[in-house]
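Peer 1: need a structure here:
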Amino acid sequence: MLKLKFSPGAWLLSCTMLAASVHVTAQRKKDKKDHAAPSAEVKADSTNKKPEPPKLKKYSEVITKDMVTSKGFITVHSKEDDYYFEVPFSLMGKDILIVNRVAEASVDMRNGIWGLVGDDIGQGVYRFERGRGNKIYLRRISFTEYTGDSTKAMYASVQKNNVQAIAAVFPVVAYSPDSTAAVLNMGEFLNSDNDVLYFSKQAFKDRAGMGAQQNDRSYIKYVHPYTTNLEVRAFKTFSAGRNPTSSNYSVELNSSMVLLPETPLRPRLQDKRVGFFSVTHRDFDAHPQGVTNAAYSIRWRLEPKPEDMEKYKRGELVEPVKPIVFYIDPVTPKKWVPYLIQGVNDWSAAFEKAGFKNAIYAREAPSHEEDSTWSLEDARHSAIVYRPSIIANAMGPSVTDPRSGEILESHVFWYHNVMSLLQKWYFVQCAAVDTGARKLVFDDKLMGELIRFVSSHEVGHALGLAHNFGSSSTVPVENLRNKAWVEKYGHTPSIMDYARFNYVAQPEDNISRAGLYPRINDYDKWAIEWGYKWRPGFKDEWEEQKALTAIVTDSLKNRRLWFGNEMEPLDPRSQNEDLGDDAVKASTYGIMNLKRIIKHLGEWTYEPEKDATDMREMLSAVYNQYVTYVGHVIKNIGGQYHNEKVGSQPGPVYQQVEYNRQKEAMAFLGRELFTVPEWLNERSLMERIPDKFGIDMTEMYSSAMNGLLNRMRLTSMLAAQYDDKVAKTYTVEEMLEDLDKMIFKELYAGKSVSFYKRNLQKIYINKLLDMVYPNDNMDQMFSAMNQMYSYYLTDMSDIVKAVLLKEQQLIARYQADPRMDKETQRHLKELNVKIRKMGEKELRF
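Peer 2: Next comes the predicted model:
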């Protein structure tokens, strides 16, 4: 998922909003009895035997000649507001996935990135079942837990503890003439505010501030049945609920009832060394003496045509039975359509590594004149949906079969305002080396290529791929300045990394855009091969896993295939927006380019008919980029490498970042951060913007200090310090000693302290005090109790108090020094009093 301005350390899923959080099970057998033990009554009723003649209306009395009949896996009869579903008994017990989406949104329901066309507002799996009397039950099916061997006592126990809820009950109003189907009156249900169709959870309505449905202003627009799916479109009006900005909302909602495959796709068990999203369930069969949380990587069903299977096995490229097709939303601005299409088609080469040609492509959606039945919300169609929103974002969620992880369809969302984000990113990262980036409005070719990269990244998510934040760390920084190398191999091995553009390249390197843009690369092709290569020679997913595990272990000898999880809290190799194997070198080069850009920022953002608003935004983008570079370096201090391994791989899984690398990182902070970056306050810009006193660096210093002195980082450093197997560690004491020399550098030199440096010293001392002394506000103290206990119950408290005593002595020595100006003297006196009072309070406490 393409993020907005992300702080170091997410989806934005972006990637999170995704199918990885769904709990699932494995339906490994065709026999539905593997999932549930139905009652004896249901077993008897769910056959295709002709039922006893019911005392109901005749079919011809219910389904009259003036009704419109549409056939599909459920036949639909309609007349005005009356809708009847003719549900065949052969459908009983089969899994149906219901997916609900916003089809047309109300402007008043916006809530961040939510509240636009295509938003998923709930989904679940259901089964029709014959119930008592002349009734049909609709059961909601959970796949949280699984056991498949019905001969064992465990099976009965799991079933008893996983009763499937009845979500709705429908009286049978008639039977079909041949008694093979039940006719249900669905009009009231379709138009009601229920939790099966439309908003399946109250939380989705609450997010939009919606209240109760207004029945007199709600109606069904249409119901369209197809061979494997049924689409319901409803116009709904809701009261405003908790949102005071509107009296009510009117929206169009779409519900898709999708008949899941009779034979589920064979699942592919997740390997944490390959970055795929997954669906999980608790499996009572997989472990002989316990419970296993089995995770299935999500992926599309790609299989050779029957006549091509032998060709595929011989290594020839063949076309799949059903290719992956993305349609471009008809309302997308025409000039961007070719680039979105190309972003999809670029994945074709990756699927050739898996043995399939023409496996994935995009095409424009048909117009209403070309196909009046085509709909963006039809569950048979995957699409790139254009969203006219101020949100600068894009995302690629998928709908999956919870039994196997099979991706059934995907709606990739492309927000119009993502172009403003791309413009800012490319400007601050590449304007120093690409003259075409030195303006506020890029030409269509440049913007189109940037959109193409976004399209490829989000389609990667739609194919099941997670972010690979570690990929760029496998590239030596100096290679990013080597024109021939970087133009051939790219600046990161994965387009799924958050490594936007090559900000390391310097003007004298003369690197073209081929060495600046991201691309689908080595890791992506390897991951697609792992996920999509057809492997029919294994009896089940567990046998297949053994072979795949060995393949991955062998493949990872190639470092460019390494996967770094985006959720790594301490591994400096897994970061968003970073480049190269050395954050200090990469960030130094990046800052050199920012200094070049800021000198020309007024010139490159000049608009004769406008004020300086756009220039101010670009200055903020430069500032944010600088903060990002600093954050990349900070993560090395107290960092810990995490190499995901299986049992057969030698070597440690966790290793502390090398001593020298941590020292270099701290030295960088001394040069680039704690020596006030006055260059950010470029005078030629400050004279033209409202912030005439320059950029406020207080927030920057607060963020840096909180990052450096957080509990996780310091705990990691303490643990390494007392590990006698680590040859040399960067200790907490040494880090605080280095901070002291950098932050109080002026005092040691007998000089007055500048405005920004005084702010930094206040922030530093206050942070140390907060770590070891209770806050004056008791409510705040108790709300932060967990964090404070971590310091009180370790050596950290003693270490920090010793540092505070040292700083107090230093401050006291210089607070009356005549070489200090009055602002510095007043500042030092305040710090001295604060430290002393907190120490006295501890004695009283």
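Peer 1: any low-confidence regions in the stretch 301-450 of the chain?
Peer 2: Counting by pLDDT under 70, the low-confidence segments of the stretch 301-450 of the chain come to 389-393, 395-396.
Peer 1: Tell me where it has helices.
Peer 2: Secondary structure of the stretch 301-450 of the chain (DSSP state H, counting those that start in this stretch): helices at 309-313, 337-345, 348-353, 418-430, 444-462.
Peer 1: Could you point out which of those helices sits nearest Ser620?
Peer 2: Checking the helices of the stretch 301-450 of the chain against Ser620 by Cβ to Cβ gives helix 418-430 as the closest, at 8.8 Å. C-beta coordinates here come from the backbone N, C-alpha and C atoms, glycine included.
Peer 1: rewinding a little: of all the helices of the stretch 301-450 of the chain, which one is nearest Phe73?
Peer 2: Comparing the helices of the stretch 301-450 of the chain by Cβ to Cβ, helix 444-462 comes nearest, at 25.5 Å.
Peer 1: List the buried residues of that closest one.
Peer 2: 446-462 (16 or more other Cβ atoms under 10 Å).
Peer 1: re the thing from before, could you dump the helices of the stretch 301-450 of the chain to JSON lines with distance to Glu617?
Peer 2: Output for the helices of the stretch 301-450 of the chain, formatted as JSON lines (distance: least, Cβ to Cβ, whole Å):
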{"stretch": "helix 309-313", "distance to Glu617": "53"}
{"stretch": "helix 337-345", "distance to Glu617": "24"}
{"stretch": "helix 348-353", "distance to Glu617": "36"}
{"stretch": "helix 418-430", "distance to Glu617": "8"}
{"stretch": "helix 444-462", "distance to Glu617": "17"}
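Peer 1: out of those, which comes closest to Thr588?
Peer 2: Closest approach to Thr588 among these is made by helix 418-430 (14.6 Å; Cβ to Cβ).
Peer 1: mind listing what's buried in the closest one?
Peer 2: Neighbour-count burial for helix 418-430, counted by 16+ other Cβ under 10 Å, picks out Val418, Met419, Leu421, Leu422, Gln423, Lys424, Trp425, Tyr426, Phe427, Val428, Gln429, Cys430.
Peer 1: now the strands for the stretch 101-250 of the chain?
Peer 2: 120-130, 135-141, 145-146, 165-175, 181-185, 219-225, 229-239, 248-259 (DSSP state E, counting those that start in this stretch).
Peer 1: about what we covered before: of the helices of the stretch 301-450 of the chain, which is nearest Ala720?
Peer 2: helix 418-430 (33.9 Å).
Peer 1: on contacts alone, who are the packing partners of the strand or helix carrying Asp524?
Peer 2: Asp524 belongs to helix 522-532 when elements are defined using DSSP states H and E. Applying 3 or more Cβ pairs under 8 Å, 6 or more residues apart in numbering; DSSP states H and E, one finds that helix 522-532 makes contact with helix 348-353, helix 541-555.
Peer 1: Glu86 is nearest to which of the strands of the stretch 101-250 of the chain?
Peer 2: Among the strands of the stretch 101-250 of the chain, the nearest to Glu86 by Cβ to Cβ is strand 181-185 (4.9 Å).
Peer 1: In CSV, list the C-alpha atoms belonging to that closest one.
Peer 2: The C-alpha trace of strand 181-185 is given here as CSV (Å, rounded to 0.1, in the frame of the first residue of the first chain):
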residue,chain,number,x,y,z
ALA,A,181,-36.2,-25.4,-5.1
ALA,A,182,-37.7,-23.2,-2.4
VAL,A,183,-39.2,-19.9,-3.2
LEU,A,184,-38.5,-17.2,-0.7
ASN,A,185,-40.0,-13.7,-0.4
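Peer 1: quick one: it to strand 165-175, angle?
Peer 2: For strand 181-185 against strand 165-175, the angle by axes from the mean of the first three to the mean of the last three Cα atoms, to 10 degrees is 100 degrees.
Peer 1: same for strand 181-185, what does it pack against?
Peer 2: Counting contacts by 3+ Cβ pairs under 8 Å, 6+ apart, strand 181-185 packs against strand 82-88, strand 165-175.
Peer 1: Turn the ones you listed into CSV, columns for mean pLDDT and distance to Ile528.
Peer 2: Output for the helices and strands packed on strand 181-185, formatted as CSV (pLDDT from 0 to 100; distance: least, Cβ to Cβ, whole Å):
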stretch, mean pLDDT, distance to Ile528
strand 82-88, 96, 39
strand 165-175, 93, 37
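Peer 1: any idea which of these is most buried?
Peer 2: Counting by mean count of other Cβ atoms under 10 Å, strand 82-88 has the highest mean neighbour count of the helices and strands packed on strand 181-185, with a mean of 21.
Peer 1: The helix holding Asp524 vs helix 541-555, what angle?
Peer 2: 160 degrees.
Peer 1: outside of helix 522-532, which residues touch it?
Peer 2: Residues outside helix 522-532 that contact it (Cβ atoms under 8 Å, 6 or more residues apart in numbering) are 268, 271, 274-276, 297, 299-300, 302, 347, 349-351, 353-354, 356, 359, 460, 463-465, 468, 471, 493-496, 548, 551-552, 555, 558, 560-563.
Peer 1: can we see that at 7 Å?
Peer 2: 268, 274-276, 297, 299, 302, 349-351, 353-354, 460, 463-465, 468, 471, 493-496, 548, 552, 555, 560-561 (Cβ atoms under 7 Å, 6 or more residues apart in numbering).
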